[in-house]
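Novice: what's the 3D shape of this:
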Amino acid sequence: MIKPPALPAQLLVLGSIASVQLGSAFADKLFSRTGPAAVVLLRLAFAAVVLLLAVRPSLRGRSRSDLLSVVGFGLILAGMNWSFYEALDRLPLSVAVTVEFVGPLAVAIAGSRRALDVLWAVLAASGVGLLASNAFGRGLDVIGLLLALLAGACWAAYILASQRVGASFSGLSGLAIAMTVGALVVLPAGLAQGRGRCSNRACWPVDWQWHCSPRWCRTPSN
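Specialist: Predicted structure coming up:
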């Protein structure tokens, strides 16, 4: 059987970047209605359900070390997404992404073994510095900046943890379990925040809401 040609790594990276940034841009529009934690819960829970149905992972026969690593991976996933979305609720998307990129950039520099790798990392760091120097003079939210830095640290930990989990679990089974753990971690805050912000009519996409009882449903007139 002839295997289809693998996609170039550069194309995969660009696709990943576009997916993440477009997703963040859409998520930003939901914060006023549901809150960042609720959006993170929707993202992680949906991904967990899809992966669980597609992969059907099993914990049978797993060592304690494997279980700890996948649970830790799930905690990192929850922390990375939650802190970034909380930062995005306080900062412009460009600034939040710029600050968060410090994490994977640090991993790239620490793992470099060639002078050319270090050069590319330094050039990327210079770009981050230029963007940051232009943005930080605009009186940005300090808590948002700290949350973006926390998201970057979690992103760095995510890169390292994914290697460990990928070596212990086949295919996407480790990611499916980790997504489930992450969704469960965010569940209480996501439900509380979403319910609090959706208690008024502004949360609804139209200017009315259904009121249902066991016997009938009606739409109140404005």
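Novice: check which helix or strand residue 42 maps to.
Specialist: Element membership of residue 42, judged by DSSP states H and E, is helix 36-55.
Novice: can you check residue 177 too?
Specialist: Using DSSP H and E, residue 177 falls in helix 173-197.
Novice: same check on residue 159?
Specialist: helix 142-168.
Novice: and the gap between residue 127 and residue 120?
Specialist: Note on residue 127: its distance to residue 120, by CB to CB, to the nearest Å, is 11 Å. In short, each C-beta sits where N, CA and C put it, glycine included.
Novice: do the same with residue 87
Specialist: 26 Å.
Novice: could you do residue 86 as well?
Specialist: Applying CB to CB, the value for residue 86 to residue 120 is 31 Å.
Novice: out of those two, which sits in the busier spot?
Specialist: Taking neighbours as other CB atoms under 10 Å, residue 86 and residue 120 compare with residue 86 leading, 23 against 13.
Novice: pLDDT at the more buried one, what is it?
Specialist: pLDDT for residue 86: 91.
Novice: quick one: buried residues of the helix or strand where it lies?
Specialist: Using DSSP H and E, residue 86 sits in helix 64-88. The neighbour-count check on helix 64-88 (16 or more other CB atoms under 10 Å) flags 66, 69-88 as buried.
Novice: for stretch 35-53, same thing?
Specialist: Here stretch 35-53 shows 35-45, 47-48, 51 as buried, counting by 16+ other CB under 10 Å.
Novice: ok, of those, which one's closest to residue 194?
Specialist: Among these, residue 38 lies closest to residue 194 (CB to CB), at 3.2 Å.
Novice: tell me how far that closest one lies from residue 146.
Specialist: Distance from residue 38 to residue 146, by CB to CB: 21 Å.
Novice: and for residue 182?
Specialist: 21 Å.
Novice: related to what we said a few turns ago, confidence-wise, which of the buried residues of stretch 35-53 comes last?
Specialist: Among these, residue 35 has the lowest pLDDT, at 83.
Novice: three-state assignment of residue 57?
Specialist: Under DSSP: H, G, I helix; E, B strand; the rest coil, the three-state class of residue 57 is coil.
Novice: just give the nearest non-adjacent residue to it, would you?
Specialist: residue 173 (3.6 Å; CB to CB, 6 or more residues apart in numbering).
Novice: my guess is that neighbour meets residue 60, correct?
Specialist: No - the pair residue 173 / residue 60 is not scored as a contact, 11.5 Å apart, by CB atoms under 8 Å.
Novice: so for the two, which residue has more residues nearby?
Specialist: Set residue 173 next to residue 60 and count neighbours by other CB under 10 Å: residue 173 wins out with 19 against 5.
Novice: which residues does the closest residue to residue 51 other than its chain neighbours contact?
Specialist: In this structure, residue 51 finds its nearest non-sequential neighbour in residue 176, 3.6 Å apart by CB to CB, 6+ apart. By CB atoms under 8 Å, 6 or more residues apart in numbering, the contact list for residue 176 reads 48, 51, 52, 54, 55, 57.
Novice: could you measure residue 176 against residue 27, distance?
Specialist: 22 Å.
Novice: on that earlier part again, what mean pLDDT does the helix holding residue 177 get?
Specialist: 86.
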